[in-house]
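> I would like to see how this sequence folds:
(chains A, B and C)
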Amino acid sequence: MGHVLAVVIDGIIYSSWLFIIAVGLTLIYGVMKILNLAHGSFYALGAYAAASLVGRWLSAGRAPFGSYAMLILAAILVGLVVGPLIERGLLRFMYGKDEIVLVLVTYAVFLILEDAIKLVWGVDAYFVSEPYGLLGSLSIAGLTYPVYSAALVVVSLLVGAAFALALKRTRQGKLLTAVIQDREISAAMGIDVRRVYLVTFTLGTMLAATGGALTAPTVSVVPGMGVEVIVLAFAVVVIGGLGSFAGAALGSLIVGMVRSAAVHYLPAVELFSVYAVMAVVLIARPKGLFRALEARKI
Amino acid sequence: MRAPDRTEKIALLGLFALLAGGAFLPQWALFLVTLALAKGLVVLSLLLLMRTGLVSFGHGLYYCLGAYAAGMVGQLLHVGDAAVMLLVALAVSCAVALIVGLLLASYRGIFFAMLSLAFSMILYGLLVKSAALGSTDGFNITVTAAAGASLSSASRRYLLFALSASFAAMAAVGMHRFLGSHLGRLAPAVRDNELRVEYLGASVRRVVYLNTIIAAALTGLAGALTALVVGHIDPEMAYWTTSGEFVFVAILSGTASVLAPFLGSLLFELLRSFAYQYSPNTWQMVVGAAMLLVIMFLPTGLWAVFGRRGKRVA
Amino acid sequence: MARPIPLFEGLAILAIASAAGAQQPAGAEVKPVKIGIVTFLSGAAAGPFGVPARNGAELLVEAINAGSLPPPYATKGFGGAPLSLAFIDEAGGTTKQVSEYRDLVQRQNVDVVVGYISSGDCLAVAPVAEELKKLTVLFDCGSPRIFEDASYQYVFRTDAHAAMDSVGAALYVTELKPGLKKIAGINQNYAWGQDSWNDFESAIKALKPAVETTTSQMPKLLSGQYGAEISALLSGDPDVVHSSFWDGDLEAFVLQAAPRGVFAKSTVILTAGETAMARLGAQIPDGTVIGARGPHGVYAPDNQLNRWLRKAFFDRYGVAATYPAYHMAQALLGLKTAYEKAGSGAGQEKVIAALEGSSFETPSGTIRMALAKGHQAIEETVYGTTKTVKGQVTVVNVKRYPAEVVNPPEGMKTQDWIKASLKRTK
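Here you go, the predicted structure:
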């Protein structure tokens, strides 16, 4: 029975990782109706920034536990610098264009950032594994898991809880929900949609960067690491229903579990298991599991 | 038969110019133009979908299917005849579209794009897993004959070029006529307002289904042509980035004219080739920047530069 | 972490180098030899393979032009003809590579093309080279299919194909663990990973038919998260875990698998581990079996050329030369030998005749063009086990397998050879 437990644990860890990335994507789509391909680049930027900061921190001989602060700092920095830069500097000129054109705009941003990352950090891999091993490991069902993975699950739950609370309980959250539901009416009611967009995009960028920063200690940070993440996060968000937070959570869980089961029982189908799930879900529920309401055009 | 209008005349004149000029083009340019024309067919099919209000991020599905269908004819049946390969590719992509199209016909917007992406990625996954087809390495295709007549290496290049050019012209004219027909005119109507189309007594679902199949046929044909021109195929043709590139070229070209896809495709190939040569380390950046510039300053596509007089050429 | 030399700087260096080469003692007009170099300059394969190979090409060509290589290559240029280089990025897939290849040959008019790390690109480009009748040297790609499925006149490959890595790996682990019962694999889900695993598994089964495979994991390239795969490996409790991972994926796998005890529980064999050794350093647990796709890098023989390459590469780029740089050296030195054997000003046909079946000295020892009618090289292969000494990774228990033992004989396909005759070679 240990096997099933391993499938579930692996699935949960993978789902948590996916959720942190997907929630930012769904947030940006929900509010701004932009399917942001550059999300993968933000993820990579977060990873690179984290690798650089943690590397500096450790080589300066400071307390290793401070490296966790560096991971978070990296994500915040990337969010605050890159988010506003791209939203104010580029995207705001594009609002009102077709959704697909906006996808292409972010694709262009993605291409540019890919090379920009290469110009800044070079093509060599970076890695900072210290934060990964620092917390030790624990044994479940005869298998060893690093505590860091458990921490990832906790972070992911915190992010989810924070979103749920913020949207339901705070004024800002309610304003955000209003903009998601109807941008025009919200603007008419006096909500500063411009500001909401800026904050949303910055927050979304920060979440992608958090995903990257938290992943950095477990991988080697290399060019191209963002490409794979994008489509995966897309699949999650589409399965869950674009723009839905609950959907992002459920989508992550489904994709994580399916992938984990595939790896354990049928490694051969791992490569397209995610897409197969996406196709099945979309065929059964054409707008994803949690569909947003849409006005019908007459 | 009605007399050819302006667009059709340009397409035919262009074909003659290409066929005559092709004989004088240096080999590398001939190859580049051939490839651009073949890919232009895919972009043309996207134009049809975009007119219908649909964008596919999974056109790689048919592109790859066409190529593999042609490849398997060579690999398994040992037939190196271009005509057979192209016909089989056309048949296979149509057959798959008949089924996939049924599923896709009720989807719109981003969901249409993502569901088609899912299908193309499943094909990608299957091909990567098939060791017999060379997995990610793919395999080579050689054309040895065309419609029964065997070919030498030099004539093969020109023949493939002429084939691509003729298909491009035929497809452009055909598409132009289709878009002007009753059925074709329903496409933009569906895009603008589905309810009205239904009230008028036409079936939105049928229009979308039909257009998906036409688009698939064109794309499958283009995939097979590309395979013959390049001489090698691999699953990358079904990967989402391949599809994304076609959508990019389609936006670049705009939907104003059936000729725009071929021009856009040619410009894109040139841009990439030169960016590759002169900026091998940052070519993605160059392409990305070019893309942003076009979207910002030529929102209706490159054709806007030619169509300034305001008249829609379609 | 050394930043790579930006291209324009590299070009400037080359320009100076070729200018220096041009100041030949007056004599017969020597036409420079223009070499098109194709390697990954972007994407995931750039860091571990593409850029070291490009750096190797720059270094070698500069030294060849200056005549500063150790013997037997102390003469300038290719028989006096100075070299110039044109670089192309290998990223972007086969369709693009076929276009770029045509471009190199027909627009940039290179005399010879040296390149291709991806087997897919090698497969796609080879028939085009035949069509355009242009001497093309594949320097790094691994798939045996290239010369086993077709035969070429203008195409050569100066590195051994990948079967030898898997066969060598199988020989090494069966010697290391005579009581081997269970094996498992984790390889990337693309041709290289699949072939590596298939060859390894069939070689092991040929050597020890009773061995059982617990799991063969095939994660997607660049997936980066191996949590579930590692659990699956662990729960099968294999004696040996085989992986042909490289670079980012390899490092991520080591970082994630080591804390979870994969390396403690099983012997892990990393057939392309050498490119990551310098960077991962002591992160690679002791007792890991490491390969370098031949006698390259840490496994290169102690000859004059290797001492030169090791030192010059480190002085210039601040990192150790890894196997892609050695493979590049093999291609360029093979060409130099052939050009000089053909004689100055000889046509391409003569150079091809000279390269066919030739053997030449390289930093990796003697390379022999023994297969595919003299178009495919064979090399010995080497495996060793890591041991950290004073914070530095070193390799111990190094075993060298002669080229004939780990490569199929002429005219035999790899898979048939592994299945049919590997038992006898033991």
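
> residues near A:Q172, how many?
11 (other Cβ atoms under 10 Å in any protein chain shown). No exception for glycine: its C-beta is placed from N, CA and C like everyone else's.

> so the host helix or strand of it, near chain B or not?
Assigned by DSSP states H and E, A:Q172 falls within helix A:171-181. No: Helix A:171-181 lies apart from chain B when judged by Cβ under 8 Å from any Cβ of the partner chain; the minimum separation is 15.7 Å.

> whatever helix or strand comes next after that helix: which residues count as buried?
If you walk from helix A:171-181 toward the C-terminus, the next helix or strand you reach (DSSP H and E) is helix A:183-188. Of all the residues in helix A:183-188, those buried under the rule 16 or more other Cβ atoms under 10 Å in any protein chain shown are A:183, A:186.

> need the contact partners of helix A:183-188.
The contact list for helix A:183-188 (Cβ atoms under 8 Å, 6 or more residues apart in numbering or on different chains) reads A:175, A:178-179, A:193, A:196.

> elements contacting the helix holding A:Q172?
Under the contact criterion of 3 or more Cβ pairs under 8 Å, 6 or more residues apart in numbering or on different chains; DSSP states H and E, helix A:171-181 touches helix A:2-32, helix A:147-169, helix A:183-188, helix A:193-215.

> what angle do helix A:193-215 and that helix make with each other?
100 degrees (axes from the mean of the first three to the mean of the last three Cα atoms, to 10 degrees).

> need the helices for the stretch 201-350 of chain C, in chain order.
Remark: helices assigned in the stretch 201-350 of chain C by DSSP state H, counting those that start in this stretch are C:227-236, C:247-257, C:262-265, C:274-280, C:304-317, C:323-342, C:348-355.

> what ranges do the helices span in the stretch 1-150 of chain B?
With DSSP H, counting those that start in this stretch as the criterion, the stretch 1-150 of chain B has helices spanning B:6-22, B:27-51, B:60-77, B:82-104, B:109-129.

> domains for chain C, by residue range?
The record's domain parsing of chain C by automatic domain parsing lists C:7-160+C:301-378, C:163-292+C:380-425.

> in a markdown table, list these along with mean neighbour count.
As requested, the domains of chain C are exported to a markdown table (neighbours: other Cβ atoms under 10 Å in any protein chain shown):
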| stretch | mean neighbour count |
| --- | --- |
| domain C:7-160+C:301-378 | 21 |
| domain C:163-292+C:380-425 | 21 |
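
> so which of those domains is nearest B:Y124?
The closest of these to B:Y124 is domain C:163-292+C:380-425. By Cβ to Cβ, the value is 10.3 Å.

> near chain C, which residues of the stretch 101-250 of chain A?
Residues of the stretch 101-250 of chain A lying close to chain C by Cβ under 8 Å from any Cβ are A:114-115, A:118, A:122-127, A:129, A:132-133, A:137, A:142-146, A:149, A:215, A:217-225, A:227-228.

> of those, which belong to strands?
The strands in this structure, assigned by DSSP state E, contain A:137, A:143-146 from these.

> so which of those residues wins on neighbours?
A:P146 (24 neighbours).

> from C:I230, how far off is it?
10 Å (Cβ to Cβ, to the nearest Å).

> got any ranges where the chain has weak pLDDT?
If you meant another chain, say so; for now it's chain A. A:1-2, A:291-298 (pLDDT under 70).

> my question was about chain B, not that one.
Looking at chain B by pLDDT under 70, you get B:1-2, B:306-314.

> what residue in it comes nearest to chain A?
When scored by Cβ to the nearest Cβ, chain B has B:G125 as its residue closest to chain A, at 2.8 Å.
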